[in-house]
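**Q** I'll drop the sequence and a predicted model, then ask my questions.
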10 protein chains.
Amino acid sequence: MLFHVRMDVHIPHDLDPGVRAETVAKEKAYSQELQRQGTWPHIWRIVGEYSNFSIFDVADGDELHRILSGLPLFPYMDIHVTPLATHPSDINA
Amino acid sequence: MLFHVRMDVHIPHDLDPGVRAETVAKEKAYSQELQRQGTWPHIWRIVGEYSNFSIFDVADGDELHRILSGLPLFPYMDIHVTPLATHPSDINA
Amino acid sequence: MLFHVRMDVHIPHDLDPGVRAETVAKEKAYSQELQRQGTWPHIWRIVGEYSNFSIFDVADGDELHRILSGLPLFPYMDIHVTPLATHPSDINA
Amino acid sequence: MLFHVRMDVHIPHDLDPGVRAETVAKEKAYSQELQRQGTWPHIWRIVGEYSNFSIFDVADGDELHRILSGLPLFPYMDIHVTPLATHPSDINA
Amino acid sequence: MLFHVRMDVHIPHDLDPGVRAETVAKEKAYSQELQRQGTWPHIWRIVGEYSNFSIFDVADGDELHRILSGLPLFPYMDIHVTPLATHPSDINA
Amino acid sequence: MLFHVRMDVHIPHDLDPGVRAETVAKEKAYSQELQRQGTWPHIWRIVGEYSNFSIFDVADGDELHRILSGLPLFPYMDIHVTPLATHPSDINA
Amino acid sequence: MLFHVRMDVHIPHDLDPGVRAETVAKEKAYSQELQRQGTWPHIWRIVGEYSNFSIFDVADGDELHRILSGLPLFPYMDIHVTPLATHPSDINA
Amino acid sequence: MLFHVRMDVHIPHDLDPGVRAETVAKEKAYSQELQRQGTWPHIWRIVGEYSNFSIFDVADGDELHRILSGLPLFPYMDIHVTPLATHPSDINA
Amino acid sequence: MLFHVRMDVHIPHDLDPGVRAETVAKEKAYSQELQRQGTWPHIWRIVGEYSNFSIFDVADGDELHRILSGLPLFPYMDIHVTPLATHPSDINA
Amino acid sequence: MLFHVRMDVHIPHDLDPGVRAETVAKEKAYSQELQRQGTWPHIWRIVGEYSNFSIFDVADGDELHRILSGLPLFPYMDIHVTPLATHPSDINA
């Protein structure tokens, strides 16, 4: 099923720059692997913020929590998940 | 460019049922025409609420406001628009 | 999968008392049928409020939205849904 | 009586990893002992957050506060407690 | 056990003045009977608001909900309940 | 006159444990002295939180501010004060 | 003692214009009488809003509540009261 | 001096359509007259909302309140005013 | 013109005590000088908080910002400014 | 198209003063270059706050995010972007 996820990243200012760069790189690879698998079909940057809106297509809440809590930036994120359903006006439904 | 839109519908309880049904039907047709044109590429129901998250692909704010303020249910909606940018991790970007 | 749902009921003061009583009776029957089927395993009253916390066990967001939007009191409710996952400390997991 | 509890965990980024691991392990043991005793009948992870919704079955507010303030992670938690009553539609009531 | 309760009263402007006066009078009698029984040991007006802070001494959440939902003004109130415990500095504890 | 006070304590995690213990002990003595004088007639723990609801009986705002800003834990507290009046239903008024 | 009061006025759109005008006139007379007595030493309009910030100088919460709940516009107001104390930097203190 | 103003319009659904159209037309004329005078140098529609952000250039708060409270739609608006100062990076300052 | 200002002070716990005392002393002198000039006609302590409500009488937003951003405690303050106008009921207007 | 942007700056108290001064200077130069290009046509200080309201004139969300995320103070800012459309009453439209 589909979930709408908002992620807000708050990396501490005193995080070691090398650790920071490595974590951000790992995050990108982790996200792109899930995009290629079709699990993370959409990700958009929110203009002006270190934040994104994403859509996930997973089996259930357990799979989604495993994915989100495994994000390399998870310790520095506020995440809010909203469950989605098919909209009756959706022409692709 | 892309915009993320949340719409919350609050139809008054005392609206004439015929008017209500007709307005909801017009809303569906209006939305589906824009979906077919590619202007409204995504619409999802928020589970448990008379609300949706949508993505719009328009030229600019003027076009988006013309579309949203023309929604048959516009007088009964709270709408919040968030501008989007390409995410650096997006494999389709 | 499991979802946590909060429902807050706001029946208009000028609703016909007969309609009100009938709607509340239908709501009870609707809820109890779903409880018997195992779809709505928990429902608790929030002390002092015309509100409840409930747990639903459904296939996905589509099933949950069909159930919630079919509640006889749905037009008078504010509903907020939170997706759940198994907790790593849960002895029953 | 029953209480609904939401716990949000915010462990400081600079907590010693050994202390952190030990505290989390103690928290799990503490929770599971109370689950086995029937005092903490439900615990669910909130998807995407280091948070849980729990149900406690205790004698009164004094017992619940003693339990919650004794949680090994209590210094790092925001906790919100909501008192519950039997719902008139509950088929088990 | 003890509960802290905040009640905010919002009587509709178009309520019949006779009904209003009668309901307010019933509310006062209902409250005073519970005060005499020791169930409602404290009630204070919040200055400038049609609101009160109260303390209730009841067996559990079921008893408190029965009392609060039976208030003659209940349909016109927003109520928020907070469970209390003995404070370790309380000289009367 | 009477005031309703909510205090939320946020002691920094890195405060020296000895300083912390000494401050908490001073706070208790300070509170109990005021309770014995009748200035602080009620104090209740909010279940699950390092917080209390209190009632103060003082001459005016100057006296209350002197008392609250003199609390040993004052630098670590968020405090919100609400002025009270006699409730017309209060049987002791 | 002094209290800071914010008043926000929300007169229903369907109030009879004559009743409205009469109530607003009574409110003005009521306010000016209290200003002349020194009980209501300051009143300022909040720019762009049907609201004011006021300072009251009264004996206690009982007197202030009697004054505020007696305002002709009280049924249409949201009021928030904040107790004040002498500021240590005040050159008039 | 300059003020930033946000206006949100909430016209009641049951307002007579003729009255509504006339009020909206008066609002437009009123706004344009002030724009021509240089008092209301900027007005922008907030996309998706019946709202605007505006900049006013007036002598003081009295002049601004006289203008805003004279808006034909004032009874149906929520207005929030923020005072502005010259920004040190402004190349036109 | 007049402005209503709320200031909330949050001095970091680890600020050097000497620097803190010196800054607080400078703040007092700065405030009292402006009070003597008639620019800062009122300052009140909010009971229980390290906060004040103040009234400023200045030429415009530029003058007020220069004053507020020059406060010795400015780096540690949250400040909210509300523009004021003469109230039509003010007997001194 | 036009966007309305609010920026709130929160520079950590322990940032090296030299780094701080240099970053603020770079921010000013960066802003003024964009102002000269016509991309950042308005910037106003919010009185009493280390904040501004700005208007940007850019091609789309991608260009705006590139500009905002490149601000030297971006790591220390909370930014909120609102998309704008032409207002039907705007005499310059």
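**A** Nice, thanks for sending it over.
**Q** Report the closest residue of chain A relative to chain E.
**A** Using Cβ to the nearest Cβ, the closest approach of chain A to chain E is made by residue A:80 at 23.6 Å. (Each C-beta comes from the backbone N, C-alpha and C, glycine too.)
**Q** Confirm that residue sits in a helix?
**A** No: applying DSSP: H, G, I helix; E, B strand; the rest coil, one finds residue A:80 to be strand, outside a helix.
**Q** What is the neighbour count of it?
**A** By other Cβ atoms under 10 Å in any protein chain shown, 14 other residues sit near residue A:80.
**Q** That one and chain J: what is the separation?
**A** 17 Å (Cβ to the nearest Cβ, to the nearest Å).
**Q** where does that residue land on pLDDT?
**A** Per-residue confidence at residue A:80 stands at 98 (pLDDT).
**Q** Might you report the residue contacts of it?
**A** Contact analysis of residue A:80 by Cβ atoms under 8 Å, 6 or more residues apart in numbering or on different chains lists A:5-6, D:48-49.
**Q** now the helix of greatest length in chain A: mean pLDDT?
**A** Longest helix of chain A, by residue count under DSSP state H: helix A:17-37. The predicted model assigns helix A:17-37 a mean pLDDT of 98.
**Q** which element follows that helix toward the C-terminus?
**A** The element immediately downstream of helix A:17-37 (helix or strand, assigned by DSSP states H and E) is strand A:42-46.
**Q** So that following strand, near chain J or not?
**A** Yes: under the criterion of Cβ under 8 Å from any Cβ of the partner chain, chain J is reached by strand A:42-46 at residue A:45.
**Q** Do any residues in the next helix or strand along the chain from that strand lie close to chain J?
**A** Following strand A:42-46 in sequence order, the next helix or strand is strand A:51-57 (DSSP H and E). No: using Cβ under 8 Å from any Cβ, we find that strand A:51-57 stays clear of chain J, coming within 10.0 Å at best.
**Q** and the following helix or strand past strand A:51-57, which residues are buried?
**A** Next helix or strand after strand A:51-57 toward the C-terminus (DSSP H and E): helix A:61-69. Buried residues in helix A:61-69, counting neighbours by 16 or more other Cβ atoms under 10 Å in any protein chain shown, are found at A:61-65, A:67-69.
**Q** Stretch A:51-62 too?
**A** Residues of stretch A:51-62 classed as buried by neighbour count (16+ other Cβ under 10 Å): A:51-58, A:60-62.
**Q** State the distance from the residue nearest to the spatial centre of chain A to residue E:59.
**A** Per Cα atoms, centre = their mean, the C-alpha nearest to the average position across chain A is that of residue A:54, at 5.6 Å. Going from residue A:54 to residue E:59 by Cβ to Cβ, to the nearest Å gives 48 Å.
**Q** what do you get for residue A:82?
**A** Separation of residue A:82 from residue E:59 (Cβ to Cβ) stands at 39 Å.
**Q** do residue A:84 as well
**A** Distance from residue A:84 to residue E:59, by Cβ to Cβ: 43 Å.
**Q** Equivalent analysis for residue A:25, please.
**A** Computed as Cβ to Cβ, the residue A:25 to residue E:59 distance reads 59 Å.
**Q** cool, residue A:49 as well?
**A** Distance of residue A:49 to residue E:59, given as Cβ to Cβ: 50 Å.
**Q** and the residue of chain A nearest chain I?
**A** When distances are taken as Cβ to the nearest Cβ, chain A reaches nearest to chain I at residue A:14, 14.1 Å away.
**Q** With only the CA atoms kept, save stretch A:37-49 in PDB.
**A** The C-alpha coordinates for stretch A:37-49 follow below in PDB (Å, rounded to 0.1, in the frame of the first residue of the first chain):
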ATOM      1  CA  GLN A  37      13.200  -1.400  -6.500                       C
ATOM      2  CA  GLY A  38      10.000   0.500  -6.800                       C
ATOM      3  CA  THR A  39       9.600   0.800  -3.100                       C
ATOM      4  CA  TRP A  40      10.200   4.600  -3.000                       C
ATOM      5  CA  PRO A  41       8.400   5.700  -6.200                       C
ATOM      6  CA  HIS A  42       8.500   9.500  -5.500                       C
ATOM      7  CA  ILE A  43      10.800  12.000  -3.700                       C
ATOM      8  CA  TRP A  44      10.500  15.700  -4.000                       C
ATOM      9  CA  ARG A  45      12.500  18.500  -2.300                       C
ATOM     10  CA  ILE A  46      10.400  21.100  -0.400                       C
ATOM     11  CA  VAL A  47      11.600  24.400  -1.700                       C
ATOM     12  CA  GLY A  48      13.800  26.300   0.800                       C
ATOM     13  CA  GLU A  49      13.900  23.500   3.400                       C
END
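**Q** Distance from the chain centre to that stretch, please.
**A** 7 Å (Cα atoms, centre = their mean, to the nearest Å).
**Q** Convert stretch A:55-70 to CSV, retaining C-alpha atoms only.
**A** The C-alpha coordinates for stretch A:55-70 follow below in CSV (Å, rounded to 0.1, in the frame of the first residue of the first chain):
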residue,chain,number,x,y,z
ILE,A,55,5.7,8.3,-1.5
PHE,A,56,6.4,4.7,-0.4
ASP,A,57,4.9,1.5,-1.8
VAL,A,58,5.3,-1.2,0.8
ALA,A,59,3.5,-4.3,2.1
ASP,A,60,2.6,-2.8,5.5
GLY,A,61,3.7,-0.7,8.4
ASP,A,62,6.4,-3.1,9.5
GLU,A,63,8.2,-2.9,6.2
LEU,A,64,7.9,0.9,6.1
HIS,A,65,9.2,1.3,9.6
ARG,A,66,12.2,-1.1,8.8
ILE,A,67,13.0,1.1,5.8
LEU,A,68,12.6,4.5,7.5
SER,A,69,14.4,3.5,10.7
GLY,A,70,17.3,2.2,8.5
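**Q** any idea of the mean pLDDT in it?
**A** What stretch A:55-70 shows for mean pLDDT is 98.
**Q** List the contacts of that stretch.
**A** A:1-5, A:30, A:34, A:38-43, A:74, A:79, A:81, A:84, B:44, C:1-3, C:60, C:83-86, D:45, D:47-48, D:50.
**Q** and if you look at stretch A:35-48?
**A** A:6, A:31, A:34, A:51-58, A:67, B:2, B:4, B:42, B:55, B:82-92, J:3, J:5, J:61, J:64-65, J:68-69, J:79-81.
**Q** Which positions within that stretch qualify as buried?
**A** The neighbour-count check on stretch A:35-48 (16+ other Cβ under 10 Å) flags A:35, A:40, A:42-48 as buried.
**Q** correct me, but residue A:7 touches residue A:77?
**A** Yes: applying Cβ atoms under 8 Å, one finds residue A:7 in contact with residue A:77, separated by 5.2 Å.
**Q** shared neighbours of the two, which are they?
**A** Common contacts of residue A:7 and residue A:77 (Cβ under 8 Å, 6+ apart): residue A:71.
**Q** Per-residue pLDDT of the residue in chain A that chain H sits nearest to, please?
**A** At 12.7 Å from chain H, residue A:47 is the closest residue in chain A, using Cβ to the nearest Cβ. You'll see residue A:47 listed with a pLDDT of 98.
**Q** Can you tell me which of the contacts of residue A:80 is closest to residue H:20?
**A** Distance to residue H:20, by Cβ to Cβ, is smallest for residue A:6 among these, at 36.9 Å.
**Q** what sits against the closest one?
**A** A:46, A:51-54, A:79-80.
**Q** How about it: which residues does it bridge to?
**A** residue A:53, residue A:80 (DSSP bridges).
**Q** ok, back up a step: so which of the contacts of residue A:6 comes closest to residue I:21?
**A** Nearest to residue I:21 among these is residue A:51, at 40.7 Å by Cβ to Cβ.
**Q** Is that closest one in contact with residue A:8, as I believe?
**A** Yes: with contact defined as Cβ under 8 Å, residue A:51 reaches residue A:8; the gap is 4.6 Å.
**Q** Apart from its chain neighbours, what residue comes closest to residue A:30?
**A** Distances taken as Cβ to Cβ, 6 or more residues apart in numbering or on different chains put residue A:72 closest to residue A:30, at 6.0 Å, once the chain neighbours are dropped.
**Q** need the contact list for that neighbour.
**A** Counting by Cβ under 8 Å, 6+ apart, residue A:72 has contacts A:23-24, A:26-27, A:30.
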